[in-house]
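Chemist: Return a 3D structure for these sequence lines:
(one chain, ligands or ions: 1)
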Amino acid sequence: MPTPGLILTGAKVRTLDPARPYATAVAVRDGVIAAVGDESDVRDWRGPGTEVVALEGAHLVPGLVDAHSHPVWGLDMATGVDLSGVTDLAGLRAALATAERIDGWVIGHALDHNAFEGRPVHRTLIEDVLAGAPAFLRLYDGHSALATGAALAAADVTGPRSFAQRSEVVCDAEGRPTGHLVEHAAMDLLAPVLPRPSYAARRARLVELLSAMAATGLTGAHVMDAGDAELVGSVARETVLPVRLRFAPWCMPGVDEAGLAELIALQGRGGRHWQVGGVKFFMDGTVEGGTAWLEHADCHGQGTEAFWPDPEAYAAAVRHLHTAGVRTATHAIGDAAVRHALDVVAALGPTGRDRHRIEHIETAPDDLLPRFAELGVAASMQPPHTAYTRADGTDEWSRRLGTTRAAHAWRLRDLRDAGATVALGSDWPIAHYDARAVLATARAPRGAASARAGLTGLEALEGCTSHAARAAGEAEVTGRIAVGYRADLTALSLDPVEAPADELAEAPVRLTTTGGHVVHRGD
Ligand SMILES: [Zn+2]
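Modeler: Residues are numbered from 1 along each chain as shown. As a prediction, the model looks like this:
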């Protein structure tokens, strides 16, 4: 009999397999689960080279997956000074005045819109503290940035530009850029002149990041961008990627036949622990940035336009990819964006079922909820983002939406009640990647969503395991502990289903295995 690489014993195993919900031991061979049962069931699998790990009562569950993350793109996004602790303009100015220069630049990230205290985002609010250094500050939502005059000049951005996508170089009445760059195309104008870490530095940071993710119990991530195949491929050849990565490259407005063909050709490419699977669309931006696509304008009169200036062109691209067998994921935060994405899947007919997913869904009226289950569209949501809002409605997200729509914030509970697949994630670097925080905030949402019931412990766990697997079309190979499934496993010191949410957020992670490789060992 062939011998397994790994045997885990003495665990409280919650398999999420209806045929055998509980067990105490698991054997692994060639990266997949070879046996599930008790000590006597796995004993026979022991061979000379088998590693045996006694879990001493730890709770073993299917490996936790972050269903929306940007571990590679995020390395570039999360560079420079971390502004996540900045809450007001004085704090921002102080942070920038002392910020370390990178090749003469001040680069910042994770800046909260609330730091501007309701003022329009404008370079004159910060330029005088920078002593002439060019600065590029990414807002936390990843959908806008603030560049100073020196930074704009370096990239030769002197006035308005037009783009195929809904993106804007915001300008004042005289046509001069204010420094506020809204959405991807406008931000990308600065990319050629920004300092970029070396290949070696990015490689080291990727390994460090994925190891840190595994230390929170993560074994997989649905990566909602193309990543960097060269970087990931070379790391995956030299070492074991601690977290399995599934990439969904972007399909942007203006895409042509050749662009679609390229996206189709990329599908399935990859190596050990990484693969391209699916395509990511944006139907809108963010509520805070004024770029969510809403059925009614926000309090600033913004939010009535789609990211695809012609929403029918989005529909055509989804249809094209669907026909080629490609799964799609669409970023849709506002109610109009969610509705359009659902309508497009509905128009695909019965073959559209269980092939497409919608990301974020931050506000949705009642009538949209049952359509997820009816159409077989997975809802992919990020409960940690609720912490960017406030229960008293004074934050930018709540103020823009107003009371009624803010009361429809992050309807995880309602979507589960309506029968939807609800996959959970962090959207790192938008929020921390810690899988335990995702589980905890799914059960106890914050801010604008704090009055709403959260998920049960089991539903939250399913969101990071079996429902994440369904959302990726991988329910036959992952998301449960059963023979033949991937040996992606997470052991926690507490039962993630029964432990209180706040205790779970701090629970020591005893063991993480990805493809049968021990990628994290705690105590
Ligand atoms: Zn994202």
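
Chemist: packing partners for the longest helix seen in the chain?
Modeler: For the chain, the longest helix by residue count, based on DSSP state H, is helix 199-214. Under the contact definition 3 or more CB pairs under 8 Å, 6 or more residues apart in numbering; DSSP states H and E, helix 199-214 sits against helix 73-77, helix 229-238, strand 517-521. No exception for glycine: its C-beta is placed from N, CA and C like everyone else's.

Chemist: what about those, which gets the closest to the ion?
Modeler: helix 73-77 (8.7 Å; CB to the ion).

Chemist: and the residue in the stretch 351-500 of the chain positioned nearest to the ion, helix, strand or coil?
Modeler: The minimum distance from the stretch 351-500 of the chain to the ion, using CB to the ion, falls at D427 (4.4 Å). Per DSSP: H, G, I helix; E, B strand; the rest coil, the local secondary structure of D427 is coil.

Chemist: residues touching it, list them.
Modeler: 68-70, 142, 224, 360, 382, 384-385 (CB atoms under 8 Å, 6 or more residues apart in numbering).

Chemist: Contact residues of the stretch 201-350 of the chain facing the ion?
Modeler: M224 (CB under 5 Å from the ion).

Chemist: Would you enumerate the residues in contact with the residue in the stretch 201-350 of the chain positioned nearest to the ion?
Modeler: Of all residues in the stretch 201-350 of the chain, the one sitting closest to the ion is M224 (4.6 Å; CB to the ion). For M224, the contact set (CB under 8 Å, 6+ apart) comprises 68-70, 248, 280, 329, 331, 359, 427.

Chemist: Return the subset of those lying in strands.
Modeler: Judged by DSSP state E, the contacts of M224 include 68-69, 280, 329, 331, 359 as members of strands.

Chemist: pLDDT score assigned to the residue of the stretch 201-350 of the chain closest to the ion?
Modeler: At M224, the pLDDT value in this model is 97.

Chemist: what's the span of stretch 117-128 from first residue to last?
Modeler: 19 Å (CA to CA, to the nearest Å).

Chemist: Please list the residues outside it that contact it.
Modeler: 88-89, 92-93, 96, 113, 116, 135, 137, 139, 144, 146-149, 152, 170, 177-180, 396, 399.

Chemist: Drop anything exposed from these.
Modeler: 92-93, 96, 113, 116, 135, 137, 139, 144, 146-149, 152, 170, 177-180, 396, 399 (16 or more other CB atoms under 10 Å).

Chemist: quick one: which of those residues sit in helices?
Modeler: Checking these against DSSP H, those in helices are 92-93, 96, 149, 152, 396, 399.

Chemist: With respect to pLDDT, which of those ranks lowest?
Modeler: E396 (91).

Chemist: mean confidence for stretch 242-258?
Modeler: 97.

Chemist: can you check stretch 368-388 too?
Modeler: pLDDT averaged over stretch 368-388 gives 96.

Chemist: how long is it end to end?
Modeler: Stretch 368-388 end-to-end distance (CA to CA) = 24 Å.

Chemist: Now the lowest-mean-pLDDT helix or strand in the chain - C-alpha only, CSV.
Modeler: Within the chain, no helix or strand scores below helix 73-77, which has a mean of 87 by mean pLDDT, DSSP states H and E. The C-alpha trace of helix 73-77 is given here as CSV (Å, rounded to 0.1, in the frame of the first residue of the first chain):
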residue,chain,number,x,y,z
TRP,A,73,-1.3,43.2,-6.7
GLY,A,74,-1.6,44.2,-3.1
LEU,A,75,2.2,44.1,-2.7
ASP,A,76,2.3,47.1,-5.0
MET,A,77,-0.8,48.7,-3.6
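
Chemist: and that helix, does that touch the ion?
Modeler: No. Applying CB under 5 Å from the ion, one finds helix 73-77 out of contact with the ion, separated by at least 8.7 Å.

Chemist: Mind listing what's buried along that helix?
Modeler: Within helix 73-77, the residues that count as buried by 16+ other CB under 10 Å are 73-77.

Chemist: Under the pLDDT cut-off, which ranges of this protein? List them.
Modeler: 1-4 (pLDDT under 70).

Chemist: run the last query once more with 90
Modeler: Confidence mapping of the chain against pLDDT under 90 gives the ranges 1-4, 43-49, 75-79, 113, 118, 140-143, 196-198, 388, 451-453, 523.

Chemist: buried stuff in stretch 120-130?
Modeler: 121-123, 125-127, 129-130.

Chemist: Now, those residues that are in strands?
Modeler: Short answer: the buried residues of stretch 120-130 have none in strands (DSSP E).

Chemist: Just the closest of those residues to the ion, please.
Modeler: V121 (20.4 Å).

Chemist: mind pulling up the phi and psi values for that closest one?
Modeler: phi -70, psi 120 (degrees, to the nearest 10).

Chemist: what do you get for P500?
Modeler: Backbone phi and psi, for P500 under degrees, to the nearest 10, turn out to be phi -60, psi 150.

Chemist: can you count the residues close to the nearest residue to R20 once chain neighbours are set aside?
Modeler: Distances taken as CB to CB, 6 or more residues apart in numbering put V36 closest to R20, at 6.3 Å, once the chain neighbours are dropped. Counted by other CB atoms under 10 Å, the residues lying close to V36 total 23.

Chemist: Am I right that V36 sits in a helix?
Modeler: No. V36 sits outside any helix when classified using three-state DSSP, being strand.

Chemist: Return the helix or strand where A90 lies as PDB; C-alpha atoms alone will do.
Modeler: For A90, the host element (DSSP states H and E) is helix 89-97. Output of helix 89-97 as PDB, limited to C-alpha atoms (Å, rounded to 0.1, in the frame of the first residue of the first chain):
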ATOM      1  CA  LEU A  89      -6.600  65.900   8.100                       C
ATOM      2  CA  ALA A  90      -4.300  67.000  10.900                       C
ATOM      3  CA  GLY A  91      -3.200  63.400  11.300                       C
ATOM      4  CA  LEU A  92      -2.700  62.900   7.600                       C
ATOM      5  CA  ARG A  93      -0.500  66.000   7.400                       C
ATOM      6  CA  ALA A  94       1.600  64.900  10.400                       C
ATOM      7  CA  ALA A  95       2.100  61.500   8.900                       C
ATOM      8  CA  LEU A  96       3.200  62.900   5.500                       C
ATOM      9  CA  ALA A  97       5.500  65.400   7.000                       C
END
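
Chemist: Can you spell out which helices and strands pack onto that helix?
Modeler: Taking 3+ CB pairs under 8 Å, 6+ apart as the contact cut, helix 89-97 packs with strand 106-111.

Chemist: who does the strand it packs on pair up with?
Modeler: strand 81-82 (parallel), strand 135-139 (parallel) (DSSP bridges).

Chemist: and of the ones you listed, who's closest to the ion?
Modeler: Nearest to the ion, of these and by CB to the ion, is strand 135-139 at 13.0 Å.

Chemist: got a list of contacts for the closest one?
Modeler: 77, 83, 96, 105-113, 121, 126, 144-148, 150-151, 187, 190, 194, 288-289.

Chemist: Determine how far that strand lies from the middle of the whole chain.
Modeler: Relative to the centre of its chain, strand 135-139 is centred 20 Å away, using CA atoms, centre = their mean, to the nearest Å.

Chemist: now the angle from that strand to helix 89-97?
Modeler: Here strand 135-139 runs at an angle of 130 degrees relative to helix 89-97 (axes from the mean of the first three to the mean of the last three CA atoms, to 10 degrees).

Chemist: Tell me the residues of the stretch 401-523 of the chain that contact the ion?
Modeler: D427.

Chemist: Understood, closing this out.
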